[in-house]
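Visitor: Quick check, what structure comes out for this input:
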Amino acid sequence: VSKLRARYLIEASQIPEALALVSAMIAEDPTDHEAIALLGVLEAHQGNNAEAMARLNEALDLNPNFKTALVERGRIYLTKGDFLNAREDFERARDLAGMDSQIGVQLAIAYKQMGNTGEAEKIYNQVINADPMYEPAVRGLLEIYFESRDWTRFSNLLVDGQRRFDDPYYYLVEAEMWTERSDAAKMLEAMENGVERFPAEPEMIRAHLLGLIYAGRRDEALAMAGKYLNHAKFSPWAKAICGRIYAQRASFPEAETMFTEALTDASPDQLGFILQQTAEGYGLGPAIDKLEEWLVYRPDDWQVLTVISAMTRQTGDYDRSLDFLERAAAQATDDASKASVNFLFGQNYYSLGRWEESATAYELALTYDTDNPMIMNDLAYIYADRLDNAEAALPYAEEAVRLLPTNPQVIDTVGWVMYRLKRYDEAVRYFTRSVNITPTAISRYHLGLAYEANEERSSAMRQYEQAREALVPSDSDELTADINEALKRLE
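Guide: You can find the predicted model right below:
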């Protein structure tokens with residue numbers, strides 16, 4: 001009874017009461033693996049993943065077949081991007097409990113993140129066949145069909161979802177499908193059906209308004225958004241949509257009124273949408289000028305300043321972007337905000353070619369977010385590629401890949417560090433792992449370099465040729481030139 005109550009308290013976010021109850025159980029019996037696992041769940045619920053992992057490991061040392069601890073530890077591995085260990089924990093839990101729906105979905109997620117979409121699809125179908133109303137499995141399978149553009153199976157499952165579940169999600173993803181298929185009429189039809197069924201759902205209404213704008217029906221969007229201008233919760237984003245339309249029509253006084261009122265009243269989770277609509281309405285450059293002028297309406301908001309900084313960085317004005325970041329840094333007070341600001345400093349300094357300052361900023365970000373593998377990854381690349389210090393890069397790269405063992409970008413960075421250290425056999429192994437997950441032009445080019453350095457010319461030539469075939473418009477001219485030069489070198 002005490003354990004059930006503790007779990008209830010955790011799920012209800014009554015943390016002090018849950019902690020007192022669990023602590024009392026452990027004090028009574030320090031070998032109570034269920035109570036220790038509950039303490040791990042409690043730590044995870046508060047975001048203390050390192051402490052949660054320690055407690056769950058302790059519970060599993062006492063009882064290696066404790067399903068609850070395996071599932072909870074697997075979830076933490078998933079959040080950290082450690083999909084291999086997550087898969088192992090979920091498979092052990094499944095072997096102990098059978099095809100539990102919750103475990104099955106977590107296992108399918110792990111397989112999908114590892115690039116094994118076929119196994120993920122198989123598991124999702126197994127879960128749905130056993131429990132047709134288990135919605136996470138339906139959504140996971142829809143995502144696979146969408147990404148593979150398997151519109152027939154996507155549509156069939158979508159119709160079932162709209163019939164079974166009372167959720168606007170199924171109309172939103174239907175509209176997204178028709179957008180992908182360039183059918184604006186059917187996209188709007190899906191939106192209208194969704195609004196008819198969910199007339200008070202803000203996400204549905206907002207998506208419908210944006211759909212009308214996308215279809216060129218701005219008068220209808222403006223009239224519909226006007227109905228929500230005085231709504232307690234909908235008002236900020238409704239005003240932002242009106243502001244966008246007014247700005248696109250060059251009705252600038254009305255646009256400014258709408259946007260400044262939206263900014264003043266917006267909650268933190270609404271700010272990104274409002275700033276995006278400002279850029280859509282005015283265009284990126286003029287929007288930045290307007291937002292700087294309107295900072296008086298959010299004078300102490302570091303998040304607004306970082307978004308404006310990111311927008312300014314897109315224009316190539318890195319010095320001005322840094323100015324916004326300096327102002328954001330002055331407003332950042334907790335570890336999360338300081339980590340975010342310093343990470344952005346690192347990106348800006350990198351774009352400016354100020355490598356030492358970039359590395360310093362990333363290192364400072366790590367002091368506030370010590371387990372962030374993407375900060376480690378960027379820092380490792382700067383040391384290995386820009387500062388010619390592969391030895392300094394190595395510990396960051398190895399820790400990043402330990403935390404994200406299936407992330408192709410992270411794996412590629414470790415390979416690059418090994419290449420710069422002239423450890424070519426290891427570089428080949430890492431680059432091959434990266435290519436097997438995501439065969440991009442840059443990953444194949446890197447693998448070609450490692451083969452060439454290892455005097456495996458035919459393998460190198462094959463990778464360079466495949467790298468050229470894999471080039472996409474977003475790849476840099478520098479990469480294209482490097483690949484062509486490598487091919488000439490081996491002719």
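
Visitor: shaky segments in the stretch 1-150 of the chain?
Guide: 1, 81 (pLDDT under 70).

Visitor: Could I get the full set of helices for it?
Guide: Counting by DSSP state H, counting those that start in this stretch, the stretch 1-150 of the chain has helices at residues 2-11, 15-28, 33-45, 49-62, 67-80, 83-97, 101-113, 117-130, 135-147.

Visitor: Mind putting these into a markdown table with distance to Asp167 and mean neighbour count?
Guide: From N, CA and C alone the C-beta is placed, and that goes for glycine too. Putting the helices of the stretch 1-150 of the chain into a markdown table (distance: least, C-beta to C-beta, whole Å; neighbours: other C-beta atoms under 10 Å) gives the following:
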| stretch | distance to Asp167 | mean neighbour count |
| --- | --- | --- |
| helix 2-11 | 21 | 16 |
| helix 15-28 | 29 | 15 |
| helix 33-45 | 25 | 23 |
| helix 49-62 | 29 | 18 |
| helix 67-80 | 23 | 22 |
| helix 83-97 | 25 | 20 |
| helix 101-113 | 16 | 23 |
| helix 117-130 | 16 | 18 |
| helix 135-147 | 8 | 19 |
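
Visitor: what ranges do the strands span in the stretch 151-300 of the chain?
Guide: For the stretch 151-300 of the chain, no strands turn up when DSSP state E, counting those that start in this stretch is the criterion.

Visitor: Surely Lys186 touches Trp178?
Guide: Yes: using C-beta atoms under 8 Å, Lys186 is in contact with Trp178, at 4.2 Å.

Visitor: Those two: which is more packed in?
Guide: Trp178 (19 against 15; other C-beta atoms under 10 Å).

Visitor: what's around the nearest residue to the more buried one once chain neighbours are set aside, how many residues?
Guide: Leaving out its chain neighbours, the residue that sits closest to Trp178 by C-beta to C-beta, 6 or more residues apart in numbering is Met187, at 3.8 Å. Met187 has 23 neighbouring residues, counting by other C-beta under 10 Å.

Visitor: And the one 3 residues further on, by the same measure?
Guide: Neighbour count for Ala190, taken as other C-beta under 10 Å: 26.

Visitor: Report the contact partners of it.
Guide: 171, 174-175, 178 (C-beta atoms under 8 Å, 6 or more residues apart in numbering).

Visitor: repeat that for 10 Å
Guide: 158, 162, 170-179, 183, 207-208, 211 (C-beta atoms under 10 Å, 6 or more residues apart in numbering).

Visitor: wait, doesn't the residue nearest to Trp178 sit right on Asn193?
Guide: No: using C-beta atoms under 10 Å, Met187 is not in contact with Asn193; the gap is 11.1 Å.

Visitor: Dump the helices of the stretch 1-150 of the chain to TSV, plus distance to Gly285.
Guide: TSV is the format used below for the helices of the stretch 1-150 of the chain (distance: least, C-beta to C-beta, whole Å):
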stretch	distance to Gly285
helix 2-11	48
helix 15-28	47
helix 33-45	44
helix 49-62	41
helix 67-80	38
helix 83-97	41
helix 101-113	38
helix 117-130	41
helix 135-147	34
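
Visitor: So which of the ones you listed is nearest Ala400?
Guide: Ala400 lies closest, by C-beta to C-beta, to one member of the helices of the stretch 1-150 of the chain: helix 67-80, at 11.2 Å.

Visitor: related to what we said a few turns ago, do you know how far the residue nearest to Trp178 is from Glu391?
Guide: 54 Å (C-beta to C-beta, to the nearest Å).

Visitor: just the helices in the stretch 251-400 of the chain please.
Guide: Counting by DSSP H, counting those that start in this stretch, the stretch 251-400 of the chain has helices at residues 252-265, 268-282, 284-293, 302-314, 318-331, 335-351, 355-368, 373-381, 390-403.

Visitor: okay, those helices, which one's buried deepest?
Guide: helix 373-381 (a mean of 24; mean count of other C-beta atoms under 10 Å).

Visitor: what helices or strands is that helix leaning on?
Guide: Packed against helix 373-381 by the contact rule (3 or more C-beta pairs under 10 Å, 6 or more residues apart in numbering; DSSP states H and E) you find helix 335-351, helix 355-368, helix 390-403, helix 408-420.

Visitor: Arrange the ones you listed in a markdown table, one row each, with mean pLDDT and distance to Val41 as further columns.
Guide: Converted to a markdown table, these look like this (pLDDT from 0 to 100; distance: least, C-beta to C-beta, whole Å):
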| stretch | mean pLDDT | distance to Val41 |
| --- | --- | --- |
| helix 335-351 | 94 | 22 |
| helix 355-368 | 97 | 26 |
| helix 390-403 | 93 | 21 |
| helix 408-420 | 95 | 28 |
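
Visitor: Which among those is found nearest to Asp319?
Guide: helix 335-351 (9.0 Å).

Visitor: between the closest one and helix 355-368, how big is the angle?
Guide: Orientation check (axes from the mean of the first three to the mean of the last three C-alpha atoms, to 10 degrees): helix 335-351 against helix 355-368 gives 170 degrees.

Visitor: gap between helix 335-351 and the chain center?
Guide: 17 Å (C-alpha atoms, centre = their mean, to the nearest Å).

Visitor: Using PDB, write down the CA coordinates of it.
Guide: The C-alpha coordinates for helix 335-351 follow below in PDB (Å, rounded to 0.1, in the frame of the first residue of the first chain):
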ATOM      1  CA  ASP A 335      22.000  27.400 -15.100                       C
ATOM      2  CA  ALA A 336      19.700  26.500 -18.000                       C
ATOM      3  CA  SER A 337      19.600  30.000 -19.300                       C
ATOM      4  CA  LYS A 338      23.300  30.500 -18.800                       C
ATOM      5  CA  ALA A 339      24.100  27.300 -20.700                       C
ATOM      6  CA  SER A 340      21.800  28.300 -23.600                       C
ATOM      7  CA  VAL A 341      23.300  31.800 -23.900                       C
ATOM      8  CA  ASN A 342      26.900  30.600 -23.800                       C
ATOM      9  CA  PHE A 343      26.100  27.800 -26.300                       C
ATOM     10  CA  LEU A 344      24.800  30.500 -28.700                       C
ATOM     11  CA  PHE A 345      28.000  32.600 -28.000                       C
ATOM     12  CA  GLY A 346      30.000  29.600 -29.100                       C
ATOM     13  CA  GLN A 347      28.000  29.300 -32.400                       C
ATOM     14  CA  ASN A 348      28.400  33.000 -33.200                       C
ATOM     15  CA  TYR A 349      32.100  33.100 -32.500                       C
ATOM     16  CA  TYR A 350      32.500  30.000 -34.700                       C
ATOM     17  CA  SER A 351      30.700  31.700 -37.500                       C
END
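
Visitor: Could you list every helix and strand in contact with that helix?
Guide: Looks like helix 335-351 contacts helix 302-314, helix 318-331, helix 355-368, helix 373-381 (3+ C-beta pairs under 10 Å, 6+ apart).

Visitor: Please identify which of these is closest to Pro473.
Guide: Here helix 302-314 is closest among those (C-beta to C-beta), at 17.2 Å.

Visitor: I'd like the average pLDDT over that closest one.
Guide: On average, the pLDDT along helix 302-314 is 93.

Visitor: re earlier: out of the helices and strands packed on helix 373-381, nearest to Met114?
Guide: helix 408-420 (11.0 Å).

Visitor: Quick one: closest of the helices of the stretch 251-400 of the chain to Ala467.
Guide: Closest approach to Ala467 among the helices of the stretch 251-400 of the chain (C-beta to C-beta): helix 373-381, 18.7 Å.
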